[in-house]
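Novice: Could you look at this predicted model? Sequence included:
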Amino acid sequence: MSGKYAIVLEGISKTFERAEKPSVYKTDLKIEEGNFVTILGASGCGKTTLLKMVNRLYEPSSGKVFINGEDVSRISPTALRRRIGYVIQQTGLFQHMTVEQNVATVPEILGWGKEKINRRIDELLQLVGLPPAEYRKRYPRQLSGGQQQRVGLARALAADPSIMLMDEPFGAIDAINRSILQDEILRIQKQLNKTILFVTHDITEALKLGDKVIIMNEGKVQQYDTPLHILRHPANDFVKSLVHSDDLFQRMAFVKAGDVMNEDIDSQKLSEEAPESQEQTSLRDILLLLISSPFHYVKIKNERNEMVGTVTINEIRQA
Amino acid sequence: MNLISGALLYIQKNQAEFELALCTHLELSGLALLFGLLISIPLGIISAKNNKLSGFIMGTVNSLRVIPSLAILIIMMPILGTGFTPALIALIILSSPPILINTYLAFRGVESQVIESARGMGMDKRQIFFRIELPLAMPLMLSGVRTAAVEVISSATLAAFIGGGGLGTFIINGLGLYNFSLLLVGAVPVALLAICSEILFGLIERLATK
């Protein structure tokens, strides 16, 4: 197996006992190291089943799963799962344990020393934006939904797994906090370069987070591509109607400024006062900026606040 | 007032007899509770995990609960005769419904998502049981044990009916002799024991829930 793929699925399928048809039909997928891949689909489409076959919570009916080139059926399920981060909806935290005990779960199973675990807890809580001094000793029930999910994320990252599986982690969180958490997970992923497989039924979330998106329906992968490519070239009618690719205004909500901007900024004379925005901003918001300003372009900056391009009405048309 | 001083006087005069009855009572209750725990907790856990067995076990226990304590003690007589052992066995049977039912409900009540996330993090069955399920089930289980303890201590009084000894002996004799002071020698310590055990187990429960 090639080493640069973090996760490889070879002819994976799953039919549950007494089920009439497979939950997941024969599927091949390759997920590159350091990629953030979202799996998008309605409930019952097999997306969670697919995810759970990666860490052997479900055993596939046929086919093989490889992580970092290793056949997972040759690794014991518990050893495998300790190497893979796993985050589920809200309630997965252990209510009888404090935040620090929750985060320490896997390191303790792995037998790390006390000092090392302690340092790791501080480091992780810092990373997910919960000051350790304030949050270490709290119980999950004393935290908000968003904070609980941050703890869940810290816990999954504890033993520094290279692969993270996330099953609708933000599904039960209100829209405002969900958007904040999405930005956080993007930041953390960029910072730590994890391979993430992220299940969601929210189209905006899938397209916003994914370097690549797997679209599933009735147990089959409909399309596996970059968000931009999916929007521009939907593979079939299902994908087309899902992402509203014939509705320009809808589509603009999913295309990011960074995907279409004109990167040739040296030849342009840019004004100080022209409106600016971020690479992650949707074209819909960029259009709003354009309409409400006297300039015919919007300046685009990257995370380090450096100018990287411009977007005019021409770029928006091409999207 | 006369009744109480009479009771105190009786205890003073028959100290050895009183202490023996108290010890028997405690021994009877303590052993019944201990065996009850050893039998009912595993059965409760098995019922919670195994749907096929749970119907049978829980059904049996629920029907046991309907039988009055005295009836269980009396039923023991033709089967096992009189004395300490039949009384002990009857009390073990009495102790099991609250412990078993609460254990069953406590383990059933552990959310499946919590167990799934524990599995997903790589805990094995043992670790999930001892680190997750047991601590989460503990408060409800302990409240079952508390109910059982109080029930056993009170019901141990009836052991005297089948010659099992204990503080109930004074009550029966007191009733028979129409001597209310003697009756109090049995009744008051039993009430105190029941209250103390309620407080003690309540305390344990609170410590475990913290």
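Specialist: Structure received. A quick note: this is a predicted structure, and the numbers were derived from the prediction, not measured. Residues are numbered from 1 along each chain as shown, chains lettered A, B, ... in the order given.
Novice: OK, contacts around A:Arg81?
Specialist: A:55-57, B:119-122 (C-beta atoms under 8 Å, 6 or more residues apart in numbering or on different chains). From N, CA and C alone the C-beta is placed, and that goes for glycine too.
Novice: Kindly recompute the last result at 7 Å.
Specialist: A:55, B:120-122 (C-beta atoms under 7 Å, 6 or more residues apart in numbering or on different chains).
Novice: Which members of those residues are positioned in strands?
Specialist: Judged by DSSP state E, strands contain none of the contacts of A:Arg81.
Novice: Now render those as TSV, adding pLDDT.
Specialist: Shown next, in TSV, are the contacts of A:Arg81 (pLDDT from 0 to 100):
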residue	pLDDT
A:Asn55	92
B:Gly120	92
B:Met121	92
B:Gly122	92
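Novice: ok, of those residues, which one's closest to A:Val72?
Specialist: Using C-beta to C-beta, A:Asn55 is the member of those that lies nearest A:Val72, at 7.8 Å.
Novice: Could you give the number of residues near that closest one?
Specialist: As a burial measure, A:Asn55 scores 25 neighbours (other C-beta atoms under 10 Å in any protein chain shown).
Novice: you'd agree it is up against B:Gly120?
Specialist: Yes - between A:Asn55 and B:Gly120 there is a contact under C-beta atoms under 7 Å: 6.3 Å.
Novice: circling back to that earlier point, take the contacts of A:Arg81 and keep only those in helices.
Specialist: Within these, residues falling in helices by DSSP state H are B:Gly120.
Novice: what does the model give residue 105 for pLDDT?
Specialist: Assuming you mean chain A. Looking at A:Thr105, its pLDDT reads 93.
Novice: that's the wrong chain, I wanted chain B
Specialist: At B:Leu105, the model reports a pLDDT of 94.
Novice: Show the contacting residues for it.
Specialist: B:Leu105 touches B:Leu140, counting by C-beta under 7 Å, 6+ apart.
Novice: And the contacts of the lowest-mean-pLDDT helix or strand in chain B?
Specialist: One helix or strand of chain B scores below all others by mean pLDDT, DSSP states H and E: helix B:69-80, with a mean of 82. For helix B:69-80, contacts defined as C-beta under 7 Å, 6+ apart pick out B:86-87, B:89-90, B:93-94, B:155, B:158-159, B:161-162.
Novice: So, low pLDDT: which residues of the chain?
Specialist: Answering for chain A, as no chain was given. Residues of chain A meeting the criterion pLDDT under 70: A:1-3, A:90-91, A:245.
Novice: meant chain B, my bad for not saying
Specialist: Counting by pLDDT under 70, chain B shows low-confidence ranges at B:1, B:210.
Novice: If we use 80, what do you get?
Specialist: In the predicted model, chain B carries pLDDT under 80 at residues B:1, B:69, B:76, B:208-210.
Novice: overlap in contacts of A:Asn55 and B:Gly120?
Specialist: Common neighbours of A:Asn55 and B:Gly120, using C-beta under 7 Å, 6+ apart, are A:81, A:86.
Novice: so where do the strands sit in chain A?
Specialist: For chain A, the strands defined by DSSP E cover A:5-14, A:24-32, A:36-40, A:62-67, A:70-71, A:84-87, A:163-167, A:195-200, A:212-217, A:220-225, A:276-278, A:297-301, A:307-312.
Novice: since we're on residue 147, how many residues are nearby?
Specialist: In the absence of a named chain, this looks at chain A. For A:Gln147, the count of nearby residues is 18 (other C-beta under 10 Å).
Novice: Hmm, no, I was thinking of chain B.
Specialist: A count of nearby residues for B:Thr147, using other C-beta under 10 Å, gives 18.
Novice: Point out the residues in chain B that sit beside chain A.
Specialist: B:111, B:113-114, B:116-117, B:119-124, B:127, B:132, B:135-136 (C-beta under 7 Å from any C-beta of the partner chain).
Novice: so of the contacts of helix B:69-80, which ones are in strands?
Specialist: Using DSSP E, none of those sit in strands.
Novice: Buried only: go through the residues of chain B next to chain A for me.
Specialist: Among the residues of chain B next to chain A, those that count as buried by neighbour count (16 or more other C-beta atoms under 10 Å in any protein chain shown) are B:114, B:116-117, B:119-123, B:127, B:132, B:135-136.
Novice: Which stretches in chain B count as strands?
Specialist: Going by DSSP E, chain B shows no strands.
Novice: any chance of the buried ones among the residues of chain B next to chain A in a markdown table, plus distance to A:Thr105?
Specialist: As requested, those are exported to a markdown table (distance: C-beta to C-beta, whole Å):
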| residue | distance to A:Thr105 |
| --- | --- |
| B:Val114 | 12 |
| B:Glu116 | 14 |
| B:Ser117 | 9 |
| B:Arg119 | 12 |
| B:Gly120 | 11 |
| B:Met121 | 6 |
| B:Gly122 | 9 |
| B:Met123 | 8 |
| B:Gln127 | 9 |
| B:Ile132 | 10 |
| B:Pro135 | 13 |
| B:Leu136 | 14 |
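Novice: check contacts around B:Leu184.
Specialist: B:3-4, B:7.
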